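Enquirer: The amino acid sequence is not available; the structure is as follows:
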């Protein structure tokens, strides 16, 4: 005789069925790997988060106090698109992901700020650094699709404040920069009336909740009312170095690039400007220190200054031993295997910054791992932009789309060399690029713990990586033989 189940057994069975069903329904943080397996040299994966499968652009890592505890929080800007946010149960337009990476082995997704159509660029500043910020508070500057820029109070990263509008009514946005010690922000914006799709807007965000406009800036001929020939490439982004009184900007991404070096003090001095929003040719010329035009097939996506480098090969000439450089990276617009062109990394000597000059380059050999057959983009995109002493003047990290992230030793700037790489696995959240499932490592950043963070354009997520082997010895100040610590 078959015995019927008790009420208790039925209840337990129902609960187990519900749990199993929910686990199947939820997107796992690390899903089944596709055909493309991770491979690495002198770099190892520490942890990852799938970022809800959103196409990711720029990660920024902020060391901040949350609830009285020291935390490391990653703020990741996204490209346009939508995805389900399991925290709210709502399909949300891509914006900014906020992830607790204090324990890099187990990142915790805290919050998603929806955007208009993505929020590619994010920057953070502490209220303890900003001249008019609130002590103990943390602020996030982000773009909002192509239409605006906002600031949020993210003191509680799980519950950001509503955004305060910095600049709106735009026709484009991109890579911003924010000086925390002064509050000056350099925004890339599509301002109506200008002859290019992007210009540099400068704001005083020393009190981030009360933005103050300073001026618009571009290259001569791009301004409203100008006539005749002009450089069609607007800025992709700028990086300021207050101590050098310089702002370094890249115009163009994959072609007709321009490295622009500006006098910061003259750029910010609006005395005598008739209309700071619509400068004249003469006014645009005042801050310009120099410009270096690339060839028609090379861009200037990222212009990362590496200053005060002691060059070993020049040690016998004290006047030349210490040099300044720009790490200039171009963006691959597609899979570059279809032509002989390559977007790569260049070292530009700016010791005499009135006459910048390229002195070396770094590239990834496609044939090493048959990147042409993998799918997606192959070629350079950007470098890290943090000045953390752990890596600064020693190593830079370059995102290379389907070739992952490359660790480049720049201690000898005239001969940069690769000392490591990490190419993540594809996962269940990786979506096709050009018809194929492929890793698309998009942007890269570092923190003061010596960790490297990469964001994937094809929805694979955030990867947290550390150096191993000979590459780690470089940042530790050591030297020696390779120890084969190349595990995934």
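Expert: Arrived safely, thanks for sending. Nothing here was measured: the structure is a model prediction, and the numbers come from that model.
Enquirer: Tell me if I'm right that residue 131 and residue 180 touch.
Expert: No: using Cβ atoms under 8 Å, residue 131 is not in contact with residue 180, being 9.6 Å away. Bear in mind the C-beta positions are built from the backbone N, C-alpha and C, glycine included.
Enquirer: So for those two, which sits in the more crowded spot?
Expert: residue 180 (20 against 13; other Cβ atoms under 10 Å).
Enquirer: residue contacts, that one?
Expert: Residues in contact with residue 180 (Cβ atoms under 8 Å, 6 or more residues apart in numbering) are 125-126, 129-130.
Enquirer: Most widely separated two among those?
Expert: The largest separation in these, counting by Cβ to Cβ, is between 126 and 130 at 6.9 Å.
Enquirer: who touches both of the two?
Expert: What both residue 126 and residue 130 touch, as defined by Cβ under 8 Å, 6+ apart, is the set 139, 180.
Enquirer: Which one's more surrounded, those two?
Expert: Between residue 126 and residue 130, residue 130 has the larger neighbour count (other Cβ under 10 Å), namely 22 against 19.
Enquirer: so which helix or strand takes in the more buried one?
Expert: Assigned by DSSP states H and E, residue 130 belongs to no helix or strand.
Enquirer: for it, phi and psi?
Expert: Main-chain torsions, residue 130, degrees, to the nearest 10: phi -60, psi 130.
Enquirer: Residue 204 is in contact with that one, correct?
Expert: No: if you go by Cβ under 8 Å, residue 130 and residue 204 don't touch, sitting 10.4 Å apart.
Enquirer: Need the residues touching each of the two.
Expert: The contact lists of residue 130 and residue 204 share residue 183, where a contact means Cβ under 8 Å, 6+ apart.
Enquirer: What's the mean pLDDT across the helix or strand hosting residue 149?
Expert: Per DSSP H and E, residue 149 falls inside strand 148-153. Mean per-residue pLDDT for strand 148-153: 98.
Enquirer: what lines up beside the helix or strand that it is followed by in the sheet?
Expert: Sequence order places strand 164-167 as the next helix or strand after strand 148-153, per DSSP H and E. Strand pairing for strand 164-167, using DSSP bridges, gives strand 148-153 (antiparallel).
Enquirer: outside of the strand it pairs with, which residues touch it?
Expert: 113, 116, 137-144, 160-170, 173, 176, 187, 189, 205, 208-209, 211.
Enquirer: Separate out the buried members of the residues you listed.
Expert: With burial judged by 16 or more other Cβ atoms under 10 Å, the buried subset of these is 113, 116, 137-144, 160, 163-164, 166-167, 170, 173, 176, 187, 189, 205, 208, 211.
Enquirer: Run through the protein and note the low-pLDDT ranges.
Expert: Along the chain, the model assigns pLDDT under 70 to residues 1-37, 334-341, 478-488.
Enquirer: Just the helices from it, written as ranges.
Expert: Assigned by DSSP state H, the helices in the chain fall at 7-25, 264-268, 281-285, 318-321, 469-476.
Enquirer: now stretch 406-415: how far from the chain's centre is it?
Expert: 20 Å (Cα atoms, centre = their mean, to the nearest Å).
Enquirer: And for stretch 61-75?
Expert: On Cα atoms, centre = their mean, the centre of stretch 61-75 falls 19 Å from that of its chain.
Enquirer: Ends of it, what's the gap?
Expert: Using Cα to Cα, to the nearest Å, one end of stretch 61-75 lies 6 Å from the other.
Enquirer: likewise stretch 150-163?
Expert: For stretch 150-163, the separation between the terminal residues is 5 Å (Cα to Cα).
Enquirer: got the buried residues for it?
Expert: So for stretch 150-163, counting by 16+ other Cβ under 10 Å, buried means 150-155, 157, 160, 163.
Enquirer: who's in contact with the residue most central in space within the chain?
Expert: For the chain, the residue nearest the mean C-alpha position is residue 58 (3.6 Å; Cα atoms, centre = their mean). Shown in contact with residue 58 (Cβ under 8 Å, 6+ apart): 76-77, 120-122, 175, 443, 445, 455.
Enquirer: give the contact list for residue 184.
Expert: 178, 202-206, 214, 240, 268.
Enquirer: Of those residues, just say which sits nearest to residue 291.
Expert: Using Cβ to Cβ, those come closest to residue 291 at residue 240, 16.9 Å.
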